[in-house]
Structure formats: C-alpha cells, structure tokens
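Asker: sequence plus the predicted model coming up.
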Amino acid sequence: MYAIIIEDGRQYRVEEGQELIVHEREAEAGATLTFGNVLAISGPEGLQLGKPLVAGASVTAVVLGDVAGPKLVVQKFRRRKNYRRRTGHRQHYTKVRIDKIATA
C-alpha cells in the first residue's frame with residue numbers, strides 16, 4: 001500500500017515504515033505529524049485518485065529528529081581585484097517515519 005502526498009509544494013510517494021526527509025518543521029522528536037493533502041492511494045481495493053485530493057484520506061508520521069542537508073560551498077571571485085570569498089550553507093530538514101496511511 002502506498003500514497004502520494006503533497007508537502008511544501010513537492011510530491012512524495014510514501015509507504016508505511018518509510019523514512020522521509022521533509023522541510024524543517026517546528027516539531028520535537030517523537031511528535032506526530034498528519035499530512036492531509038493526499039493525491040492518490042493504492043491499496044488492496046485498487047487505486048483511488050483524488051480530484052484533486054482524496055476525500056478523508058490522511059498520512060500519519062512520527063518525527064525522528066532534525067537533520068542537515070549536504071554542505072553547499074558558495075564562492076565569489078572578482079578577477080584582478082584581489083576579491084575572494086568562500087562560505088558554506090547546510091539546509092535544515094526534518095526526518096519523519098510514515099506510520100499509517102488512512103482512507104475514508
């Protein structure tokens with residue numbers, strides 16, 4: 001059984017037990033998140049497609065903690081001006097585990 005959800009403008013195909021990295025949320029480890037924007041659900045009774053969302057469907061997840069993305073190096077350089085700058089950035093994300101996919 002799997003579901004396709006929308007979270008922060010991105011679509012994810014999720015299954016129960018799957019670990020997923022989403023944009024940072026103000027939630028502590030062990031908290032429960034509910035994703036209500038479900039586009040499709042595939043189960044034993046077949047595929048349910050929403051128009052645009054599946055009515056009454058939701059996906060429940062448990063927050064595992066905060067993680068940081070890969071390091072991005074930003075370099076600025078102006079030739080012949082003795083100008084060099086090098087900085088880095090790591091985006092913050094929240095890691096969740098999908099617990100339950102509920103249908104209407």
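Answerer: Yep, that arrived. Residues are numbered from 1 along each chain as shown.
Asker: could you use CA atoms for every contact and neighbour count after this?
Answerer: OK.
Asker: contacting residues for the residue positioned nearest the centre of the chain?
Answerer: Residue closest to the mean C-alpha point of the chain, counted by Cα atoms, centre = their mean, is Val22 at 2.5 Å. Residues in contact with Val22 (Cα atoms under 8 Å, 6 or more residues apart in numbering) are 7, 93-96.
Asker: Thr87 contacts Val73, correct?
Answerer: Yes: here Thr87 reaches Val73: they are 6.0 Å apart, a contact under Cα atoms under 8 Å.
Asker: distance-wise, check the residue lying farthest from the centre of the chain relative to Thr87.
Answerer: Farthest-out residue of the chain from its mean C-alpha position, per Cα atoms, centre = their mean: Arg80, at 43.9 Å. Computed with Cα to Cα, to the nearest Å, the distance linking Arg80 and Thr87 is 20 Å.
Asker: per-residue pLDDT of Gly43, please?
Answerer: Note for Gly43: predicted pLDDT of 87.
Asker: phi and psi next, for it.
Answerer: phi -140, psi -170 (degrees, to the nearest 10).
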